[in-house]
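S.K.: Predicted model and sequence follow; I will ask about them next.
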Amino acid sequence: MSSFLPPSERNWWSTPVGKQEVLWIGIALVWCLIMFFMMPYWHIYGKQNLSNEAYQTTAPRFQARVDEMVAKYKIGEEAGIPVVKPPAGSDVYMLGRLWQWYPILELEKDQSYRLHLSSMDWNHGFSLQPVNINLQIIPGYEMVITVTPDQAGEFTVVCNEFCGIGHHLMLGKIFVKEN
Amino acid sequence: MAQFRVCPDSGFFFDKSAEGLMKANAVAGAVSLLIAGLLGLGVILTRWQEVHLLPADVFYQVLTGHGINALIFWIIFFEIAILYFASSTLLRTRLAAPRWAWAGFALMIIGMVMNNIAVLQGNSSVMMTSYAPMQAEPHFYLGLILFAVGALIGCFVFLGTLVIARDDRTYEGSIPLVTFGALTACIIAVFTIACGAIILVPTFLWSIGYINHIDAAMYRVIWWGLGHSSQQINVAAHVSVWYLIVGVLFNARPMSEKVSRSAFLLYILFLQLASAHHILVDPGISSEWKVFNTSYAMYLAVLASMVHGLTVPGSMEVAQRAKGYTKGMFEWLRKAPWGNPVFSGFFFSLIIFGFIGGITGVVMGTEQINIIIHNTIYVPAHFHATVAVGTTLTFMALTYLLIPVLFRRALFLPWVAKWQPYVFSAGMTLMILFMLGAGTLGVSRRHWDMDFTGAALAFEYPGTAYTMMAVAGIGGVLGVLGGAMYLLVTVGSLLFGKKLDESAGLLQGFGFPLAPSSYNITQPERLQMAPKLTVEEHGSGSFEAPGTFALALALLVCFVVYYYINWDYLASVWPLS
């Protein structure tokens, strides 16, 4: 009952701690440290890490970069959205806006691309399915990640940050082709 | 002159002014929970794709209201009641500045009503997080600000009450562990509300046109100082309530005051770093910052929770063993009062909070693993395990204790109360596990239509994702039923429960004379320190609580296995750098 009464000892700080608690604290602390060092370990040896590369930008500036890429490398259209095939290893751009991911990208398997992402209006969520890579896309910020698709096929970008009434209409595509 | 009564069943003393405030805050909390639960039913019946109850605009509106009422109003009203209980009742002192406390309560009510009206009007369906630059109506933010100011007043009344108790020497030695835990919650609350003010005041000014720009990334960083830290108030508060419940039900004492208090201290020092959990895949924030903050500086707050996970059931086990339940590893647990909702509610919340809420929280808060989890329905699954079961079920269990003690009423429909924790836990656990599964398959949170009806492009989730969302729907409905049972018992008890004037023989009375409950005491006699143990138990060679230690090891095994399963899953996605 002393959980809600003052401790039975005035100097409760210097009463000895039971073996069981000491052992558990030791085990838990070791586990906490292992979990902590897993993160830097993965930065060095793991293959899935986000870069720290990001820039402040504005909607018109980012839009201009996207338009430039679309004009240069457009190879077709799907549902009114241009399909773009930029060269392997290049900088590729995708923007999120109400309620669309633009444009559709066609990438080559096992090639690396510097993918630039930004939003034209509100927060959006870049959720690549079925791979399940999820990134927060924030207006005014341009995020750059190097991505290496290691599967061929059709992949969908779902918006998974609430962005208003048409949120569920907001889909994008990335096609990955065998080279 | 302060007026006290002693509860003849529990021996707790109630200051008349504090008592009224505890009742008012608890009732306001229950009303918020009613709103939250009804809205939650709308949410889960829409996410269950075969039912898909609400149209998109109503769904987002209902989801906004559900989040705010459940995560902010219900919990904080109830926590203010706990703060007053842990200070004035546990320390046998008058409450500091009851008029200020009532003013704070009034502000919280005004804020709650104002915010709910804003959401109801339909132009503030911005979710609980209200990420700028998506904008709500000004009174949406103003309601939250007023509510926070009211809660801040409550925190200062609590702190003032501690000072009065100390000055009046109403207790001997140090404050009890439960009060210490409540103090932890209060300190975290002050930090939380400060973050809330820093971000919501400018956002309010922006919504009325005085400021023309709110940086979207900055908003997220500071808002989560409010959004996540407010959940850490809950952790500190419900862990304190766990200690209170094992004390009341089993006469349990902490295994070690030093260990339990140090664990609370770690909460104060590190828990608020967790706002980082929400911005692990945001642009513009460095990996070093993310790694340090997301791990609460090397997981020291996780360590604290793991310590409480041992010492709360451990102290119960020690007390039970002292009563003679010593057979095998688990007789102490088998012979626990499983039919008493105070116990079953507490114990289920402990297990589900630890095994599901705790483990998933650490896993998804790992910097890189967050890539496969961020904003999927895994996230709400996690915080339903921590808040909707951990905190909410703990507060429900505490309510069953407080109805006779604070309100002096017998429980209405006791058999409903007896089954309520079982129904609520079963339903919520079902919902949580299947939402975790659906999240792993990439199903998005805060999303009206997983069929993407009407979208220019098409996408289909795998069939298992639909099955999982349907099972989660069934679990959610069952959970809402459990919530309704709780409200039926509480509201029924206050309206129709038998009035208890004399002792009802419900609790042991903690050795105090059982007298009629009336305000005839001006100052209770000073609270003595807990009696010393006759046998020196601490520091002895043997394990005092082997059953609990086995449970703790089981938790650790689940933790390690699940943690590495997720690294393995992460390793299978496209390389990113």
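M.R.: Noted; the coordinates are in hand. This one's a predicted model, so the numbers in the text were calculated from it and none came from an experiment.

S.K.: now the helices for the stretch 301-450 of chain B?
M.R.: For the stretch 301-450 of chain B, applying DSSP state H, counting those that start in this stretch gives helices covering B:331-334, B:341-352, B:359-364, B:378-383, B:392-405, B:414-440.

S.K.: Centre of the chain to stretch A:78-88, how far?
M.R.: Chain-centre distance of stretch A:78-88: 22 Å, with C-alpha atoms, centre = their mean, to the nearest Å.

S.K.: remind me, longest helix of chain B?
M.R.: If you go by DSSP state H, chain B has its longest helix at helix B:463-496.

S.K.: roughly how far is it from the heart of the chain?
M.R.: Worked out by C-alpha atoms, centre = their mean, helix B:463-496 lies 18 Å from the chain centre.

S.K.: which stretch among the helices of the stretch 301-450 of chain B comes nearest B:V31?
M.R.: helix B:392-405 (13.3 Å; C-beta to C-beta). Yep, even glycine has a C-beta here, placed from its N, CA and C like the rest.

S.K.: Buried residues, the closest one. List them.
M.R.: Neighbour-count burial for helix B:392-405 flags B:392-405 (criterion: 16 or more other C-beta atoms under 10 Å in any protein chain shown).

S.K.: Which residue, neighbours along the chain excluded, lies closest to residue 85?
M.R.: Since no chain was named, I'll use chain A. A:E106 (4.2 Å; C-beta to C-beta, 6 or more residues apart in numbering or on different chains).

S.K.: that answer is for a different chain, and I need it for chain B
M.R.: Closest to B:F85 by C-beta to C-beta, 6+ apart is B:M22, at 5.7 Å.

S.K.: Could you break chain A into its assigned domains?
M.R.: Here chain A is described, according to automatic domain parsing, as comprising the domains A:1-49, A:54-177.

S.K.: Going by mean pLDDT, which of those comes out lowest?
M.R.: Among those, domain A:1-49 carries the lowest mean pLDDT, a mean of 92.

S.K.: Now do the strands in chain A.
M.R.: Secondary structure of chain A (DSSP state E): strands located at A:54-56, A:74-78, A:81-84, A:91-97, A:100-102, A:104-108, A:113-119, A:124-129, A:133-137, A:141-147, A:153-159, A:171-177.

S.K.: Any chance of those strands in TSV with mean neighbour count as columns?
M.R.: Formatted as TSV, those follow (neighbours: other C-beta atoms under 10 Å in any protein chain shown):
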stretch	mean neighbour count
strand A:54-56	16
strand A:74-78	12
strand A:81-84	20
strand A:91-97	22
strand A:100-102	22
strand A:104-108	22
strand A:113-119	23
strand A:124-129	25
strand A:133-137	26
strand A:141-147	21
strand A:153-159	21
strand A:171-177	20
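
S.K.: mind giving me a markdown table with those and columns for distance to B:V6?
M.R.: Shown next, in a markdown table, are the strands of chain A (distance: least, C-beta to C-beta, whole Å):
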| stretch | distance to B:V6 |
| --- | --- |
| strand A:54-56 | 62 |
| strand A:74-78 | 76 |
| strand A:81-84 | 73 |
| strand A:91-97 | 62 |
| strand A:100-102 | 66 |
| strand A:104-108 | 73 |
| strand A:113-119 | 61 |
| strand A:124-129 | 55 |
| strand A:133-137 | 55 |
| strand A:141-147 | 60 |
| strand A:153-159 | 59 |
| strand A:171-177 | 65 |
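
S.K.: which residue is nearest the centroid of the chain?
M.R.: Since you didn't name a chain, this refers to chain A. A:L135 (2.5 Å; C-alpha atoms, centre = their mean).

S.K.: look at chain B instead
M.R.: For chain B, the residue sitting closest to the mean C-alpha position, by C-alpha atoms, centre = their mean, is B:T391 at 2.7 Å.

S.K.: Next, find the distance separating that one from B:L398.
M.R.: 11 Å (C-beta to C-beta, to the nearest Å).

S.K.: now do B:V312
M.R.: Distance, B:V312 to B:L398, by C-beta to C-beta: 14 Å.

S.K.: and if you look at A:Q63?
M.R.: Here A:Q63 is placed at a distance of 55 Å from B:L398 (C-beta to C-beta).

S.K.: And for B:S230?
M.R.: In terms of C-beta to C-beta, B:S230 sits 19 Å off from B:L398.

S.K.: same question, B:S577
M.R.: Remark: distance between B:S577 and B:L398 (C-beta to C-beta) = 49 Å.

S.K.: and what of A:I81?
M.R.: Using C-beta to C-beta, A:I81 is found at 55 Å from B:L398.

S.K.: go on, B:A97?
M.R.: Taking C-beta to C-beta, one finds B:A97 at 25 Å from B:L398.

S.K.: Kindly report the same for B:A182.
M.R.: For B:A182, the distance to B:L398 (C-beta to C-beta) stands at 12 Å.

S.K.: any residues in contact with both of those two?
M.R.: Jointly contacting B:A182 and B:L398 under the rule C-beta atoms under 8 Å, 6 or more residues apart in numbering or on different chains are B:I82.

S.K.: confidence score at the residue nearest to B:G473 when sequence neighbours are not counted?
M.R.: Spatial nearest neighbour of B:G473, chain neighbours left out: B:W48 (2.8 Å); criterion: C-beta to C-beta, 6+ apart. For B:W48, the model assigns a pLDDT of 96.
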